[in-house]
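1. Need coordinates for the following:
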Amino acid sequence: MFVVFFNTAAAKTKTRRRDWERQLMDDFVRAIHRRQYECGSLEELANRFGFIAHAPHDSSEYLRMTQDDANYVTLDSERYGTHKLPIAMYGIPQGYVSFSKILDSLRKRPTYILPFDAFYDIRQRNDFKGCYVEIIATCDLNEIGEWN
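-> Below you'll find the model as predicted:
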């Protein structure tokens, strides 16, 4: 019904940074490239979007998702040790993305490109230029009805 796909090919990453945290961010961006999730309903899509944005739609489902290793990537380096990070926006995104507007757009066209920039406030440093989440509707949303 829906495919959520991470594309981070445009990220300007380096294999060796001076700062370990910047290196961790670069490794994270490379690790999530081409990750995808299939969502069978609007509810699943809303929960996946909530996980990605760190803004839970359903708190019990969000808790379940935080306990599923399929939603994480583990990075290991002698520079920064081992980190288990959610396959979601890095850090604390403070921007605002409207899930309802995304659905409205998907009703008109089956693909929606959501830049990582949209998740972050303009005052936040964004090291993910050109990265995006693509949402593909494999069904006609007009036949599904409204989401609340």
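2. which stretches of this structure form strands?
-> Using DSSP state E, the strands of the chain run over residues 2-7, 36-39, 72-77, 81-86, 111-115, 132-137.
3. Serialize these to TSV and add fields for mean pLDDT and mean neighbour count.
-> Quick note: C-beta positions are derived from backbone N, CA and C, even for glycine. Below are those laid out as TSV (pLDDT from 0 to 100; neighbours: other C-beta atoms under 10 Å):
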stretch	mean pLDDT	mean neighbour count
strand 2-7	97	19
strand 36-39	96	16
strand 72-77	97	14
strand 81-86	97	12
strand 111-115	96	15
strand 132-137	96	20
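4. and Asp58, which of those is closest to it?
-> Asp58 lies closest to strand 36-39 among the strands of the chain, at 13.2 Å (C-beta to C-beta).
5. Which other helices and strands does the closest one contact?
-> Strand 36-39 sits against strand 2-7, helix 42-53, with contacts defined as 3 or more C-beta pairs under 8 Å, 6 or more residues apart in numbering; DSSP states H and E.
6. Between the ones you listed, which one is closest to Ala118.
-> The closest of the helices and strands packed on strand 36-39 to Ala118 is helix 42-53. By C-beta to C-beta, the value is 9.4 Å.
7. Could you verify my assumption that Glu38 touches Leu45?
-> No. Counting by C-beta atoms under 8 Å, Leu45 is not a contact partner of Glu38; they are 9.8 Å apart.
8. what touches both of those two?
-> Counting by C-beta atoms under 8 Å, 6 or more residues apart in numbering, the common neighbours of Glu38 and Leu45 are 1-2, 4.
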